[in-house]
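[1] no FASTA, just this:
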């Protein structure tokens, strides 16, 4: 399946697939299709929600949100945990009952784009590992992912030039963009260094 640029068209495709069973739950409209997919959307927004086949009772949104209905009748949004530089949907249960931690970006790509090509990894177009919108993600090579870290100024060698002490010494009210400009770094790199200390 190609990268979805028009999520409304994606929703309508599943609706034409035979999804006549619309239900409103938690402010969202859920459509069950004859193909077995459950597609949800919010009125007035372009967010599509799809079931995660490996994890029954969970859905992933095109905005990177993770939802569960395992313990309740209504869908509720889960708060993902944080790894070093990405959100992790920790504790999703497979159909076997086994808990598994999965990167949110991987769930989004697999649901909306499809399985990764051989040797591909999930890449964030803007370099922000916490921005898991489908429009910000792509499958690409490890080499391209490493080139992204250099382009975004967050390669370990680039970050090594910035110390947390240097950056946190600025008075309150000085923007991260200004601190980045003074140090010849990107705002993303400054945020990444400051986040290491927390």
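    That came through, no problem. Predicted model only: the values in this text are computed from it and were never measured.
[2] Could you measure from residue 119 over to residue 175?
    40 Å (C-beta to C-beta, to the nearest Å). Glycine gets a C-beta too; all of them are placed from N, C-alpha and C.
[3] Let me know how buried the closest residue to residue 54 other than its chain neighbours is, in neighbour terms.
    Distances taken as C-beta to C-beta, 6 or more residues apart in numbering put residue 94 closest to residue 54, at 6.1 Å, once the chain neighbours are dropped. For residue 94, the neighbour count with other C-beta atoms under 10 Å is 14.
[4] tell me the contacts of the residue sitting nearest the centre point of the chain?
    Nearest residue to the geometric centre of the chain (C-alpha atoms, centre = their mean): residue 132, 2.2 Å. By C-beta atoms under 8 Å, 6 or more residues apart in numbering, residue 132 lies in contact with 63, 64, 87, 104, 105, 108, 124.
[5] Let me know the pLDDT of residue 39.
    At residue 39, the pLDDT value in this model is 61.
[6] which residue ranges form the strands in this structure?
    Ranges of strands in the chain, per DSSP state E, are 21-25, 28-32, 38-41, 48-51, 58-61, 66-68, 76-78, 81-82, 87-93, 99-103, 121-124, 137-140.
[7] Lowest mean pLDDT across the ones you listed, which one is that?
    strand 21-25 has the lowest average pLDDT among these, namely a mean of 51.
[8] Student question: in this structure, what's the helix or strand with minimum average pLDDT?
    Ranked by mean pLDDT, DSSP states H and E, the weakest helix or strand in the chain is strand 21-25, scoring a mean of 51.
[9] if you skip the residues just before and after it, what's nearest to residue 145?
    Closest residue in space to residue 145, ignoring its immediate chain neighbours: residue 123 at 4.9 Å, by C-beta to C-beta, 6+ apart.
[10] and the nearest residue to residue 166 once chain neighbours are set aside, what does it touch?
    Leaving aside its sequence neighbours, residue 166 sits nearest to residue 183 (C-beta to C-beta, 6+ apart; 7.3 Å). By C-beta under 8 Å, 6+ apart, the contact set of residue 183 is 161, 162, 166, 167, 190.
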